[in-house]
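K.L.:
Structure for this input, please:
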Amino acid sequence: MRIGFIGAGNMVSAIVRGAVAAGTPAGHLLLTSKHGSAERLAAQVGAVHVPDATDLVLRSDVLILGLKPYVIPTVLTRLSEAIGRSKPLVVSIAAGLTLERLESMLPDSARVVRTMPNMAAAVGESMTALAPGRNVGAHDLETVRTLMESIGRTVILEEKDFSSFIGLASSSPALVCAFVDALARAGVMGGIPKALAVQIVAQAVLGTARTVQTEAQRTTEGGHGRTPADLIDAVCSPGGTSVAGMVALERAGFSDAVVRAFEAIVERDRELGA
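P.N.:
The predicted model follows:
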């Protein structure tokens, strides 16, 4: 199976490197871009650089649209005939472009899957949502799921839930980084150098996330995993330091601020997709 990538930015680079690391032969990956990024990436991983986008489409079984959302309509208009001839499975990683809009730019028989990876794809820890279009079969969806799981975990969602997913996973890394930076700056106040403080907080966040993930998996498998609230209670000993910090956070409106941030993200995404 040959996978063609139009565009070679950071996310495409992460997917290409993840696919190769997961065992996809580099020679089955075809790359093209308007500038020199595709050629450089192809040279780095052993993939095939295809200068002409139409040629790439005609040679691809799966076509990944790794372009900015505002560029895609122009590109698909130019490539629609070639897509109609070769009938690749089309995969979008662009925010804001709905399945309905993508399908309207392509031949009626086009198979389209919308995906939403996040920043952590670069380190193989993305949380990626998948939504199949009207012509997509189970095998098509499994093909995309396998590809995206080379950069992390996946979940299949109805497209109506994508705005909420963006709040939970695609934009939330910015919120988490804000927390890490704020806590690290507090560490600087306590006398720890900033770079070291960031390392300490990042490891604490990573370990906590893995603990929460493990407990959630137990619940998913029918067990009795602890919820995040349970874990907070486990850390907060009566009269201890952790409960003092939690009370201070709540007095400062921490939970409300997080919910407001989520609501703002969802509202903005729906505005962009309107």
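K.L.:
pLDDT score assigned to Phe274?
P.N.:
Careful, residue 274 is Ala and not Phe. For Ala274, the pLDDT comes out at 66.
K.L.:
Longest helix of this structure, counting residues only.
P.N.:
Longest helix in the chain by number of residues (criterion: DSSP state H): helix 194-220.
K.L.:
on contacts alone, who are the packing partners of that one?
P.N.:
On a contact count with 3 or more C-beta pairs under 8 Å, 6 or more residues apart in numbering; DSSP states H and E, helix 194-220 meets helix 172-189, helix 228-235. For every residue, glycine as well, the C-beta is placed using N, CA and C.
K.L.:
make it 6 Å
P.N.:
helix 172-189 (3 or more C-beta pairs under 6 Å, 6 or more residues apart in numbering; DSSP states H and E).
K.L.:
tell me which residues in the helix it packs on are buried?
P.N.:
172, 180, 183-184, 187 (16 or more other C-beta atoms under 10 Å).
K.L.:
now do stretch 255-267
P.N.:
Here stretch 255-267 shows 261-262, 265-266 as buried, counting by 16+ other C-beta under 10 Å.
K.L.:
Give me the average confidence score over that stretch.
P.N.:
Here the average pLDDT along stretch 255-267 is 96.
K.L.:
circling back: mean confidence for the longest helix of the chain?
P.N.:
On average, helix 194-220 scores 96.
K.L.:
Need the three-state assignment for Phe5.
P.N.:
The local conformation at Phe5, judged by DSSP: H, G, I helix; E, B strand; the rest coil, is strand.
K.L.:
Hmm, it is touching Leu65, no?
P.N.:
No. Under the criterion of C-beta atoms under 6 Å, Phe5 is not in contact with Leu65, lying 8.6 Å apart.
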